[in-house]
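Chemist: Give me a 3D structure for the following:
(one chain, ligands or ions: 1)
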Amino acid sequence: MPDSIAILDFGSQYTQLIARRVRECQVYSELFPWDTPTETVLALQPKGFILSGGPASVYEPGAPTLPGYVLESGLPVLGICYGMQALTHALGGRVGAAAEREYGPAVVETLRENPLLPAGSQPVWMSHGDRIETPPPGFIPLAASSNSPIAAMGNLAERRFGLQFHPEVRHTPGGTEILRRFVLEICAARPDWTPASMISQATARIRAQVGEEALLSAVSGGVDSSVATALAAQAVGGQLSAVFVDTGLLRQGEVAQVEQAFRRTLGPNLHGVDASEKFLRALAGVTDPEEKRRVIGELFIRTFEEQARGIGQPRFLVQGTIYPDVVESSAPERRQARRIKTHHNVGGLPQDMAFELVEPLRYLFKDEVRAVGERLGLPPELVWRQPFPGPGLAVRCLGEVTRERLEHLRAADAIFTQELERAGLLRVRPAGGDQTGELVGTAQSFVVLLPVRSVGVMGDQRTYQETAALRSITTEDFMTADWARLPYDLLAHISNRIVNEVDGINRVVYDITSKPPSTIEWE
Ligand code: XMP
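Modeler: Numbers count the residues shown, from 1 in each chain. Down below sits the predicted model:
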């Protein structure tokens, strides 16, 4: 078992970020709702605790409280924002309402030498209503800002600390260093959470779960299903069969890529099915987006079931559930608040088939899934793929889905992707290679084909063709998004190429709406 940190979630929107930052320090961390049963949390055998922020006020009736085992363990504790207040409240200090809510950037100054904070001053991100009036006995102020006399506090002998600001967000550029000091120096956790250890842990778990039995996987070309399948292949090799359904709704080159990626490892156990004719036939005349999803979802399940039967109906099924999905589903109140549009589980698998699920990515964040994928030798185009909806291009082909229109859409989309790749904008990466810097690149970029025809002129010919809309966004979480400020010259070049090279499209527009009020996909 790797060394780990337990993070108790008091409901902050940033809690997952804390876990990610700790793991960036190569220490495994796991999130638990604050009222998780003691045994569950202690089973992790953590080296220390981090208490997240949260929206409540400690004196509110029913406010979350610090569970007793945290202090009883004698392990190091770091409380962030509400976590600091809960710690203060539990240890007999005083929390009070600040005269004004403090939200946004601030500068904190370290007051004395301590193992958590570097000397000097640093920019941080504040977001709190309450603040510490009197620290608990044994605690001393470690940092102050102009608004918060106790922006950080600590009981150095007992290794307990509190931060009023959020070290986990990018707006606190030195935040990862603070977390690193807590995790590696104060908790003395070993930094052994690496792609290699993630792989050995995941494969050991798969082996323990499936034993000698057969395992089935559905690959879709997406990152998660690909990495989950590659892990299962590594773990139980010949026991694994994978089904890949070509719905005819995939992007250019995708079918060949998936075949190539898995043919070598899976050989004859990779079952590619070309079902594109069937899907197109079922979609003929369908223009309503919900109806498209229904048709595709149903046909996908039927096709998959047929394949599974052909392979002898294995007992186990690999699923690419990743850690954020697990965390979201354990915090119902948050999940509800965040659900902006329900995506039918299209491209999802049959609920009523008697499979036992194997979820090798259950404890991994997306960036860890990618690192594992790279380490397992999957091609970069697959590992770095942007999100793609289950119902595929049907979502982006507004109006009727025909073979011809899909070809136009695929060709235009390939041009957009190529040009963004060439400009270094197809992946999200920190500017200047600095881990804490601003992000550049696009989180998702694609073309939407509109059933809107307009008049154009090419050479001396009048054209009357459809419109391509370019959609390119930046986002941290896909729940909110902004349109990417792509350079005009790049847009001009892409537009030129699409109109010149793609028959059937004579006009290109750029979508400049954010989400909300819009969504990322057009549909
Ligand atoms: P929206 O359009 O709701 O999309 O802003 C948010 C993110 O979800 C992706 N998306 C889907 N993913 N099945 C999926 O697996 C779907 O049916 C689906 N529809 C949208 C979308 O691409 C974006 O990243």
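Chemist: By mean pLDDT, flag the weakest helix or strand of the chain.
Modeler: Least confident element among the helices and strands of the chain, by mean pLDDT, DSSP states H and E: helix 332-338 (a mean of 43).
Chemist: So what pairs up with the closest residue to residue 255 other than its chain neighbours in the strands?
Modeler: Nearest residue to residue 255, sequence neighbours excluded (CB to CB, 6 or more residues apart in numbering): residue 246, at 5.1 Å. Yep, even glycine has a C-beta here, placed from its N, CA and C like the rest. Beta-bridge partners of residue 246, counted by DSSP bridges, are residue 274.
Chemist: Which pLDDT value does the model give residue 246?
Modeler: If you check residue 246, the pLDDT there is 95.
Chemist: ok, now the one 3 residues further on?
Modeler: What the model reports as pLDDT for residue 249 is 97.
Chemist: Name every strand pairing with the longest strand along the chain and say which way it goes.
Modeler: When the chain is parsed with DSSP state E, its longest strand is strand 94-110. In the sheet, strand 94-110 lines up against strand 121-134 (antiparallel), strand 140-144 (antiparallel) (DSSP bridges).
Chemist: closest to the ligand out of these?
Modeler: strand 121-134 (25.0 Å; CB to the nearest ligand atom).
Chemist: now that closest one: mean pLDDT?
Modeler: In the prediction, strand 121-134 has an average pLDDT of 92.
Chemist: Give me the below-cutoff pLDDT ranges for the stretch 201-350 of the chain.
Modeler: Filtered on pLDDT under 70, the stretch 201-350 of the chain yields the residue ranges 331-350.
Chemist: Skipping adjacent residues, who's closest to residue 258 in space?
Modeler: Per CB to CB, 6+ apart, closest to residue 258 is residue 221, 4.9 Å.
Chemist: quick one: secondary structure of that neighbour?
Modeler: coil (DSSP: H, G, I helix; E, B strand; the rest coil).
Chemist: quick one: it and the ligand, what's the gap?
Modeler: Counting by CB to the nearest ligand atom, to the nearest Å, the gap between residue 221 and the ligand amounts to 12 Å.
Chemist: where's that residue relative to residue 255, distance?
Modeler: For residue 221, the distance to residue 255 (CB to CB, to the nearest Å) stands at 8 Å.
Chemist: ok but residue 297 is inside a strand, no?
Modeler: No: residue state for residue 297 (three-state DSSP) corresponds to helix; a strand is not indicated.
Chemist: and it, how many neighbours does it have?
Modeler: 17 (other CB atoms under 10 Å).
Chemist: if we can go back for a sec, are there residues contacting both of residue 221 and residue 255? Which ones?
Modeler: By CB atoms under 8 Å, 6 or more residues apart in numbering, residue 221 and residue 255 have these common neighbours: residue 244.
Chemist: if we can go back for a sec, please point out which parts of the longest strand of the chain sit buried.
Modeler: Within strand 94-110, the residues that count as buried by 16 or more other CB atoms under 10 Å are 95, 98, 102, 106, 108, 110.
Chemist: now the strands paired with strand 94-110 as a markdown table including distance to the ligand and mean neighbour count?
Modeler: Output for the strands paired with strand 94-110, formatted as a markdown table (distance: least, CB to the nearest ligand atom, whole Å; neighbours: other CB atoms under 10 Å):
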| stretch | distance to the ligand | mean neighbour count |
| --- | --- | --- |
| strand 121-134 | 25 | 19 |
| strand 140-144 | 39 | 20 |
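Chemist: Redo those as JSON lines? Include distance to residue 20.
Modeler: Listed next are the strands paired with strand 94-110 as JSON lines, based on distance: least, CB to CB, whole Å:
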{"stretch": "strand 121-134", "distance to residue 20": "16"}
{"stretch": "strand 140-144", "distance to residue 20": "24"}
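Chemist: quick one: which of the ones you listed is nearest residue 7?
Modeler: Shortest distance between residue 7 and these, using CB to CB, is found for strand 121-134: 17.5 Å.
Chemist: Distance from that closest one to the middle of the chain?
Modeler: With CA atoms, centre = their mean, to the nearest Å as the basis, strand 121-134 stands 28 Å off its chain's centre.
Chemist: Over to stretch 31-40?
Modeler: 23 Å.
Chemist: The residue nearest to residue 74 when sequence neighbours are not counted: what secondary structure?
Modeler: Take residue 74 and drop its neighbours on the chain: the residue closest to it by CB to CB, 6+ apart is residue 158, 7.8 Å away. Following three-state DSSP, we place residue 158 in the coil state.
Chemist: Residue 158 against residue 138, yeah?
Modeler: Yes: taking contacts as CB atoms under 8 Å, residue 158 lies within contact range of residue 138: 6.7 Å.
Chemist: Now for whichever residue of the stretch 151-300 of the chain sits closest to the ligand, how many residues are close by?
Modeler: Residue nearest to the ligand within the stretch 151-300 of the chain: residue 293 (6.7 Å; CB to the nearest ligand atom). Residues near residue 293, counting by other CB under 10 Å, number 22.
Chemist: List the buried residues in stretch 257-267.
Modeler: Neighbour-count burial for stretch 257-267 flags 257-258, 261-262, 265-266 (criterion: 16+ other CB under 10 Å).
Chemist: and these near the ligand, which?
Modeler: Among the buried residues of stretch 257-267, not one lies near the ligand by CB under 6 Å from any ligand atom.
Chemist: which one among those residues gets closest to residue 409?
Modeler: residue 257 (18.0 Å).
Chemist: Quick one: residues contacting that closest one.
Modeler: Residues counted as contacts of residue 257 (CB under 8 Å, 6+ apart) are 221, 379, 381-382.
Chemist: mind giving me the domain split of the protein?
Modeler: 4-186, 195-383, 396-510 (automatic domain parsing).
Chemist: Compute the first-to-last residue distance for the first one.
Modeler: Domain 4-186 has an end-to-end distance of 13 Å (CA to CA, to the nearest Å).
Chemist: Can you give the distance of that domain from its chain's centre?
Modeler: Taking CA atoms, centre = their mean, one finds the center of domain 4-186 at 24 Å from the center of the full chain.
Chemist: Leaving out chain neighbours, which residue sits closest to the residue sitting nearest the centre point of the chain?
Modeler: Taking CA atoms, centre = their mean, the centroid of the chain lies closest to residue 366, which sits 4.8 Å from it. Once flanking residues are discounted, residue 366 sits nearest to residue 322: 6.2 Å by CB to CB, 6+ apart.
Chemist: was I right about the one you found contacting residue 365?
Modeler: Yes: judged on CB under 8 Å, residue 322 makes contact with residue 365 at a distance of 7.0 Å.
Chemist: Of the two, give the one with the bigger neighbour count.
Modeler: In this view residue 322 and residue 365 are compared by other CB under 10 Å, and residue 322 has more residues nearby, 21 against 18.
Chemist: Between the two ends of stretch 389-401, how far is it?
Modeler: End-to-end distance for stretch 389-401: 15 Å, by CA to CA.
Chemist: do it and the ligand meet at all?
Modeler: Yes: contact of stretch 389-401 with the ligand (CB under 6 Å from any ligand atom) involves 389-391.
Chemist: who wins for neighbours among these?
Modeler: Result: residue 391 is most packed of the residues of stretch 389-401 next to the ligand (other CB under 10 Å), 27 neighbours.
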